[in-house]
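Engineer: dropping a prediction and its sequence here:
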Amino acid sequence: MNTLFIILLVITAIIALPLILALFVKKDYHIEEQVTISKRVPEVFNYIKLVRNQEHYSKWVMADPNMKKTLTGTDGTPGFIYAWDSTDNKVGAGAQEITALRDNTLNTEIRFIRPFQGTSYVTMKAEPSGSEDTRVTWSMAGKSKYPMNIMNLFMGKMLHRDMQISLQNMRNILENTI
């Protein structure tokens, strides 16, 4: 009887500990990375405002080259939707919609369907950095529901790394091909 009680107590602790910890983890998240590209702002912004170009630099979009893509509207304009559906559980399904374009800033809303549901708001801004260079700032913000907010403890570092890789890919493309 004592052994059974200890086993049940350990199982309860394993289940309860993350749920209790999630009570103290922030639900809001904000990730931001930058890169400087040796091209002028108009060239850079004309590239990043086209969501479909993410197929060439975004680590996340390139994760499954066989995913089904549905494009609705005119890329580079508000209302354009880039939807994806993948059998790869790491990629899942969702849609990214351009919500605004102004002052060399692209705003999009990403609606994740699988493997989890959620919404993130993404901004990509191109601004001068010297006379010939452009600084691109890529930020992502959103809110995670309890108890999924526990993932904010682990996802931040990975998202920063993936954004850095994607921005380096973008810089290589823009500096070497366009």
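Structural biologist: Thanks, I have the structure now. Numbers count the residues shown, from 1 in each chain.
Engineer: okay, CA-based contacts and neighbour counts for the rest of this
Structural biologist: Noted.
Engineer: which strand residues bridge the nearest residue to residue 117 once chain neighbours are set aside?
Structural biologist: Spatial nearest neighbour of residue 117, excluding adjacent residues (Cα to Cα, 6 or more residues apart in numbering): residue 111 at 7.4 Å. For residue 111, the beta-bridge partners are residue 95, residue 119 (DSSP bridges).
Engineer: what about residue 111, distance to residue 118?
Structural biologist: Residue 111 sits 6 Å away from residue 118, going by Cα to Cα, to the nearest Å.
Engineer: partners of residue 69 in the sheet?
Structural biologist: For residue 69, the beta-bridge partners under DSSP bridges are residue 84.
Engineer: that one: neighbour count?
Structural biologist: The tally of other residues near residue 69 (other Cα atoms under 10 Å) stands at 15.
Engineer: repeat that for the one 3 residues further on.
Structural biologist: Applying other Cα under 10 Å, we find 12 other residues in the vicinity of residue 72.
Engineer: isn't it up against residue 95?
Structural biologist: No. The pair residue 72 / residue 95 is not scored as a contact, 10.3 Å apart, by Cα atoms under 8 Å.
Engineer: which one's more surrounded, residue 111 and residue 118?
Structural biologist: Per other Cα under 10 Å, whichever of residue 111 and residue 118 has more neighbours is residue 111, with 18 against 15.
Engineer: with just CA atoms, put the helix or strand hosting residue 140 into CSV.
Structural biologist: Secondary structure from DSSP states H and E places residue 140 in strand 134-143. Extracted as CSV, the C-alpha positions of strand 134-143 are listed here (Å, rounded to 0.1, in the frame of the first residue of the first chain):
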residue,chain,number,x,y,z
THR,A,134,19.8,48.5,-44.4
ARG,A,135,18.9,47.2,-40.9
VAL,A,136,16.1,44.7,-41.0
THR,A,137,14.3,44.1,-37.7
TRP,A,138,12.2,41.1,-37.4
SER,A,139,9.9,40.7,-34.4
MET,A,140,7.2,38.3,-33.4
ALA,A,141,4.8,38.8,-30.5
GLY,A,142,1.8,37.0,-29.1
LYS,A,143,0.2,35.4,-26.1
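Engineer: which residues does the residue nearest to the spatial centre of the chain contact?
Structural biologist: Closest residue to the average C-alpha location of the chain: residue 140 at 6.0 Å, with Cα atoms, centre = their mean. With Cα atoms under 8 Å, 6 or more residues apart in numbering as the criterion, the residues that contact residue 140 are 30-32, 120-123.
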